[in-house]
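[1] Turn this into a model:
(one chain, ligands or ions: 1)
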Amino acid sequence: MEKQERICHVAVIPYPAQGHINPMIQFSKQLASKGLQVTLVIFSSQTLSTPASLGSVKVVTVSDSSDTGSSSIGDLLKQFQATVAPKLPQLVVELGISSGHPVSCLVYDSFMPWVLEIARQLGLIGASFFTQSCAVSSVYYQIHEGQLKIPLEKFPVSVPGLPPLDVDELPSFVHDMESEYSSILTVVVNQFLNFRGADWVFVNSFNTLEEEVVNCLASQRSIKPIGPMIPSVYLDRQLEDDTEYGLSLFKPALDGCMQWLESKETGSVVYVSFGSMAALGEEQMAEIAWGLRRSDCYFLWVVRESEEKKLPCNFVEGSSEKGLIVTWSPQLEVLSHKSVGCFVTHCGWNSTLEALSLGVPMVAMPQWTDQPTNAKYIEDVWRVGVRVKANEKGIVSKEELEKCTREVMEGERGSEMRRNSEKWKKLAKTAMGEGGSSDKNITEFAAKIASKFNETTDSKA
Ligand SMILES: O=c1ccn([C@@H]2O[C@H](COP(=O)(O)OP(=O)(O)O[C@H]3O[C@H](CO)[C@@H](O)[C@H](O)[C@H]3O)[C@@H](O)[C@H]2O)c(=O)[nH]1
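    As a prediction, the model looks like this:
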């Protein structure tokens, strides 16, 4: 009988939100390019038209019946665990049977630390994947270890490897103790429940971007920065045909955006997006709308379907000469387009990494969660953008938005930001290029788990 080829099979399991799925798709593609068999498992309560594969990564979508109408994200995550955890062991076994190659490692979103328990029950390797910056993760780590006590009493706060952080520069859940937030704080801090127990810990970042804080966290246990996890065509082009993430929970206005951008001059467009989750108030939406109008630049603004009703009356009709509003964009294509001169962003970690990797300066307008800390780094550490200041009601006025966009688009400081952005773009490429720090970490992981798999298989033979 023909002997079956031995292949090390890894299952990658993101939390099903766009900002978590995207980097874990890219990690899957990277692992597959290093010779591993990879299955990406998406649990989703929505009906998704997911592809059966992304390059050589197999995609399996499993319907998750958890109630998405639940009021808080903390509750949602609890429900997610309650419905997914009982199904996962059987699913992992079936993936092995159907492919002919038993799964030997689970790479799980750090939001789901309970997956490690399942990996252990099945005798598999367990690897945790952090989708936020190393700086933000370090703040949560300090809380987990009891070094930072909640409620915080003194500001600025000191965390090893980070600049001192004022109250509005900390992740929101740490100081904003609304009832919904306290349950989310538990979730984000619990990412560290098995920080020392996991076999591997990956962070979607790169050494030169967060050197000091990477070193501090790595002194507690080995962590592997493997980012930026964006499609290869925008970085080192090592992976052929890797031009997009490939799995979107939203439908992008493909042609519309790109044709519109084509008709605009180099560096003349302000791109505005608040990612896949942030929900702004009506008053704030109006200030953004009029701020964009006042800046007198061309603008491309992503307003998700669920947010459209918050736009001021007649704004869309009255903006057709200067602006285009879409419900979702092909963001990487947009950011890499020569017409885009500035990105007004909520500072989600993926958007931040994308802008850094594509050399686009930013107006940082953080909303919640890790975004205020990312905004702090954008302005003060990487010096690739300006942070907006909110008024006493927490609203960013149209005048403030106009001032900040002009600063990035026109001023001398804007030119400096563009130069700094070019620097980070090169460093991102170097990290992911052959032999770069992130590339080495991915190669090391692939080689070590493949060799462990071979040893185990040999000892059973
Ligand atoms: O029109 C759009 C808007 C966004 N995107 C993509 O969607 C992703 C959005 O991710 P991110 O920028 O991280 O924002 P969120 O969707 O808000 O992500 C959540 O998850 C991130 C990772 O944990 C956190 O950093 C954020 O604060 C949190 O809100 C990015 O890859 C974008 O390229 C598009 O393709 N088209």
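[2] Please make it C-alpha for all contacts and neighbour counts, starting now.
    Fine.
[3] need the contact list for the residue nearest the centre of the chain.
    Centroid-nearest residue in the chain: Asn350, 3.5 Å away (criterion: C-alpha atoms, centre = their mean). By C-alpha atoms under 8 Å, 6 or more residues apart in numbering, the contact list for Asn350 reads Gly19, Pro23.
[4] quick one: the residue of the stretch 351-461 of the chain found nearest the ligand and Ala253, what's the gap?
    Closest to the ligand within the stretch 351-461 of the chain is Ser351: 3.6 Å, counting by C-alpha to the nearest ligand atom. As judged by C-alpha to C-alpha, to the nearest Å, Ser351 and Ala253 stand 18 Å apart.
[5] With neighbour numbers in mind, choose between these two.
    Looking at Ser351 and Ala253 with other C-alpha atoms under 10 Å, you find the greater number of neighbours at Ser351, namely 20 against 15.
[6] and whatever helix or strand the more buried one lives in, what's its mean pLDDT?
    Element membership for Ser351 (DSSP states H and E) is helix 349-358. For helix 349-358, mean pLDDT is 98.
[7] In stretch 166-181, which residues are buried?
    For stretch 166-181, a neighbour-count test (16 or more other C-alpha atoms under 10 Å) marks Val167, Asp168, Glu169, Leu170, Pro171, Ser172, Phe173, Val174, His175, Asp176, Tyr181 as buried.
[8] repeat for stretch 35-51
    Residues of stretch 35-51 classed as buried by neighbour count (16+ other C-alpha under 10 Å): Gly35, Leu36, Gln37, Val38, Thr39, Leu40, Val41, Ile42, Phe43, Ser44, Ser45.
[9] now, the most widely separated pair of those?
    Gly35 and Ser45 (31.6 Å; C-alpha to C-alpha).
[10] So which residues on the protein come close to the ligand?
    By C-alpha under 6 Å from any ligand atom, the residues of the chain that approach the ligand are 18-20, 22, 131-132, 273, 275-277, 302, 328-332, 348-351, 369-371.
[11] Going through those, which ones are buried?
    18-20, 22, 131-132, 273, 275-276, 302, 328-332, 348-351, 369-371.
[12] Where strands are concerned, which of those residues count?
    Ser273, Val302 (DSSP state E).
[13] Looking at the buried ones among the residues of the chain next to the ligand, which are in helices?
    Residues of those located in helices (DSSP state H): Gln18, Gly19, His20, Asn22, Gln331, Leu332, Trp349, Asn350, Ser351, Gln371.
[14] Name the nearest residue to the second one, sequence neighbours excluded.
    The one in question is Gly19. Closest residue to Gly19 in three dimensions, ignoring its sequence neighbours and counting by C-alpha to C-alpha, 6 or more residues apart in numbering: Asn350, at 6.4 Å.
[15] and that neighbour, how far is that from Pro228?
    Asn350 is 8 Å from Pro228, where distance means C-alpha to C-alpha.
[16] what do you get for Ser222?
    From Ser222 over to Pro228 (counting by C-alpha to C-alpha), the distance is 19 Å.
[17] Those two - which one has more neighbours?
    Pro228 (26 against 16).
[18] Checking my notes, that one in a strand, right?
    No. Secondary structure of Pro228 (DSSP: H, G, I helix; E, B strand; the rest coil): coil, not part of a strand.
[19] Which residue, other than its chain neighbours, is closest to it?
    Of all residues not flanking Pro228 in the chain, Ser205 sits nearest, at 5.4 Å (C-alpha to C-alpha, 6+ apart).
[20] now swap in Gly348 and tell me
    Nearest non-adjacent residue to Gly348, counting by C-alpha to C-alpha, 6+ apart: Gln371, 5.6 Å away.
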